[in-house]
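>>> need a 3D model of the following:
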Amino acid sequence: MIHLPRVALEIKTVGLYDLVLQDVQKIAKKSHLNEEEILSILDSHPQILEDYKQINIEYNVSNIHLRNINVADIEDEKCKEDAQNINKNLDLLREIEKYTLDFEQSATLVIIFSIEFFVLFSVQYFIVLLNLKEWQWWIYSFFALSIVLAWIYAKKQRKVYEVNNELFLKKYEETLEMIDKLEESGCIKKSDLIIVECEEHV
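Next up, the predicted model:
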């Protein structure tokens, strides 16, 4: 569902992907590349595409380069039903796409660490600046409890990531097959669904 010509164009022209472009330039051993050359490198170096996709997820830009099917344009009832199911899948994929990012690189983990840093700072503030040394064991106990709670929460969130990542992979393949079958039946043209440019980049 990712449109490679769009990927090549964005790597070449959009500042968000400058680090990816630098990697592409290192591989090509030259600073100016056209889109065909970038496409060739995407084909021979899959990690470049993965880096592009990861940046999109981090910045909440979808790697699903297909728009939903306009069901109103379909007359056949069976095709219309299949199109509606495809649209549901596409919506779900966009919703859970964030879970395809490694948990260790996710915003969730960053938030957990940020909260723990704030708690640690607060502990030091109460003990040192407010001169509450007689309460320090209670304060340290609170900090220790916050670490345990953060660990439990992180463990639960890791599981959420794992479950949703598996669901994403399953629904992704399923949706591709459904789109191919609908195109074979003559109900849609996949090329009409491709989003050739990202509104966020325009």
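>>> against which helices or strands is the longest helix seen in the chain packed?
Looking across the chain with DSSP state H, the single longest helix is helix 136-184. Helices and strands touching helix 136-184, as assessed by 3 or more CB pairs under 8 Å, 6 or more residues apart in numbering; DSSP states H and E, comprise helix 77-96, helix 107-124, helix 190-193. Placement of C-beta: from N, CA and C, glycine included.
>>> show residues contacting stretch 34-41.
Contacting residues not belonging to stretch 34-41 are listed as 4, 5, 7, 8, 9, 11, 12, 24, 27, 28, 33, 48 [CB atoms under 8 Å, 6 or more residues apart in numbering].
>>> of all pairs in those residues, which one is the farthest apart?
Using CB to CB, the contacts of stretch 34-41 span at most 18.8 Å, a distance reached by 5 and 27.
>>> follow-up on the earlier one: chain center to the longest helix of the chain, what's the gap?
13 Å (CA atoms, centre = their mean, to the nearest Å).
>>> before we move on, the earlier item: out of the contacts of stretch 34-41, which are buried?
Buried members of those, counted by 16 or more other CB atoms under 10 Å: 7, 8, 9, 11, 12, 24, 27, 33, 48.
>>> before we move on, back to that, which of the helices and strands packed on helix 136-184 is buried the deepest?
helix 77-96 (a mean of 16; mean count of other CB atoms under 10 Å).
>>> where does the chain have its least confident helix or strand?
Each helix and strand of the chain was given a mean pLDDT (mean pLDDT, DSSP states H and E); the minimum falls on helix 107-124 at a mean of 71.
>>> OK, contacts around the residue most central in space within the chain?
Note on the chain: the residue nearest the mean C-alpha position is residue 57, at 2.6 Å, using CA atoms, centre = their mean. Counting by CB under 8 Å, 6+ apart, residue 57 touches 63, 97, 98, 100, 101.
>>> and with 6 Å instead?
By CB atoms under 6 Å, 6 or more residues apart in numbering, the contact set of residue 57 is 98, 101.
>>> still on that earlier bit, reformat the helices and strands packed on helix 136-184 as JSON lines; add distance to residue 53.
Output for the helices and strands packed on helix 136-184, formatted as JSON lines (distance: least, CB to CB, whole Å):
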{"stretch": "helix 77-96", "distance to residue 53": "13"}
{"stretch": "helix 107-124", "distance to residue 53": "16"}
{"stretch": "helix 190-193", "distance to residue 53": "19"}
